[in-house]
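Novice: Requesting a structural model of the entry that follows:
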Amino acid sequence: MKLKVLVDTCYWISLFDPTDDPRQTVEAERISEEIEDEEIIIPFPTLYEFVNSRLSRREAKIEFEQLLLRPNVTRLNDTKYKEKALENFFIKSKHSHTDISLVDEVLKLIIEDKQLKIDYIVSFDSGLVNDALSKGIKRI
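Specialist: Okay, here's the model as predicted:
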């Protein structure tokens, strides 16, 4: 049985736009090999975030499109989560001095969704990883 792996935007950035942190790129490449045959869950908000902000090289676009078309890749619609995520975003924004991400709020709701049964998370965001770990989801 394939494991369900939830993937955050920062993974795609490290894999397809390796200009920020070479160590993360090496880690993303390792993870890519490790999850290649698992069920990869890609929430649409992470696609919007990555494609709109970082996917600029033509070669990377072609490679990313091929990845999205693989049979083990699920593009997860965020309709079920987006209103609550937006509400959480504004609540946390009023009470927190740290950066709050609407995409992360969607991912947190996906993590909490027991029907999805996410097994692993791929993220370089320690807050998001800690939230997943607290719900019994492991980090790759």
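Novice: Where does the closest residue to Ser93 other than its chain neighbours sit: helix, strand or coil?
Specialist: Distances taken as Cβ to Cβ, 6 or more residues apart in numbering put Ile100 closest to Ser93, at 5.1 Å, once the chain neighbours are dropped. To be clear about C-beta, it is placed using only N, CA and C from the backbone, and glycine gets the same treatment. Judged by DSSP: H, G, I helix; E, B strand; the rest coil, the three-state class of Ile100 is coil.
Novice: For Ile100, list the residues it contacts.
Specialist: Ile100 makes contact with 89, 92-93, according to Cβ atoms under 8 Å, 6 or more residues apart in numbering.
Novice: Show me which positions of stretch 104-122 end up buried.
Specialist: Neighbour-count burial for stretch 104-122 flags 104-111, 118-122 (criterion: 16 or more other Cβ atoms under 10 Å).
Novice: Just the ones of those residues in strands?
Specialist: 120-122 (DSSP state E).
Novice: Adding distance to Tyr48 and pLDDT as columns, could you present those in TSV?
Specialist: Formatted as TSV, those follow (distance: Cβ to Cβ, whole Å; pLDDT from 0 to 100):
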residue	distance to Tyr48	pLDDT
Tyr120	22	98
Ile121	19	98
Val122	18	97
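Novice: Need the residues that contact the longest helix along the chain.
Specialist: Ranked by number of residues, the top helix in the chain under DSSP state H is helix 79-95. Contact with helix 79-95 is made by 45, 78, 100-102, 105-106, 108-110, 113, as judged by Cβ under 8 Å, 6+ apart.
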